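Engineer: Would you be able to build a 3D model of this:
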Amino acid sequence: MSKLKILIVEDEAPLRNLIRTTLYTHDYAFETAENAQTALMIASSLNPDLVLLDLGLPDMDGIEVIKRIRSWSNMPIIVLTARSEMSDKITALDCGADDYLTKPFAVEELLARIRVIQRRLSVTQTRLPEEQTFVNGDLRIDFSQGCAFMGGDELHLTPSEYKLLCILARNVGRVLTYRFISREIWGNEWESNTGSLRVFMATLRKKLEKGEKTQSYIQTHVGVGYRMMKL
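Structural biologist: Okay, the predicted model is just below:
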């Protein structure tokens, strides 16, 4: 697995230097930017594999940076934020961020989040051109046939459960908000669908983990949403 090219967008010198040292020690290629304008210029010219983005930049809010990058690229973005409000994190994710870390954070956790993105990119690169199948651990989804299997046995899923599974699989490693998933399944953002989503998620989990208790495919982010883990 090749190393990622990472863009660090952070205006605080001590944290920026810490991240630089961490990435250098683990043999990642990286560029740095201290403000949004420089970050957008580097992102558009060098097309990094991953952006580590501080939301509190001096010249532009990080949310706006996410929106601008998403207007032309799907490059993964991990938000680094000192904002503790859950609404800020949800807004960042809804605007297109893939993950977030709340400051202060341990470098080990940052590296773990980077590895998640790296595995997700590896899956995307090795997937069939028509994206006919998806494989993650013992889970296999045949999109062309509209069915899913666990360890060779077909999973008996309801239409909503299957649609939910496909949404998670197509975004493996990415945190998806309740609002995003609700919109994808029901075509709206009604808060009343959150309860239904939790029910579907609970039944889907039971079917995925039946007889395979050591593997947890779906991670809950309390108050935010869900993520399918790459196994």
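
Engineer: Helix, strand, or coil at the residue most central in space within the chain?
Structural biologist: In the chain, the centroid-proximal residue (C-alpha atoms, centre = their mean) is R174; its distance is 1.8 Å. Recorded secondary structure, R174: coil (DSSP: H, G, I helix; E, B strand; the rest coil).

Engineer: can you pull the contacts of the closest residue to it other than its chain neighbours?
Structural biologist: Spatial nearest neighbour of R174, chain neighbours left out: D98 (4.7 Å); criterion: C-beta to C-beta, 6 or more residues apart in numbering. All C-beta atoms are positioned from the backbone trio N, CA, C, and that covers glycine. Residues counted as contacts of D98 (C-beta atoms under 8 Å, 6 or more residues apart in numbering) are 76-78, 117, 173-175.

Engineer: what helix or strand is W72 on?
Structural biologist: Using DSSP states H and E, W72 maps to neither a helix nor a strand.

Engineer: residue contacts, it?
Structural biologist: S44.

Engineer: Quick check: which helices or strands does the helix or strand hosting F180 pack against?
Structural biologist: F180 belongs to helix 178-186 when assigned by DSSP H and E. The contact analysis (3 or more C-beta pairs under 8 Å, 6 or more residues apart in numbering; DSSP states H and E) places helix 178-186 against helix 86-94, helix 159-170, helix 193-209, strand 225-228.

Engineer: please redo it, this time with the cut-off set to 7 Å
Structural biologist: The contact analysis (3 or more C-beta pairs under 7 Å, 6 or more residues apart in numbering; DSSP states H and E) places helix 178-186 against helix 159-170, helix 193-209, strand 225-228.

Engineer: Which positions within that helix qualify as buried?
Structural biologist: The neighbour-count check on helix 178-186 (16 or more other C-beta atoms under 10 Å) flags 178-182, 185 as buried.

Engineer: sorry, back to before: which one of the contacts of D98 has the most neighbours?
Structural biologist: Neighbour counts for the contacts of D98 peak at I77, which has 27 neighbours (criterion: other C-beta atoms under 10 Å).

Engineer: So which residues of the protein form strands?
Structural biologist: Applying DSSP state E to the chain gives strands spanning 5-9, 29-33, 50-54, 77-81, 99-102, 133-136, 139-142, 147-150, 153-154, 176-177, 218-221, 225-228.
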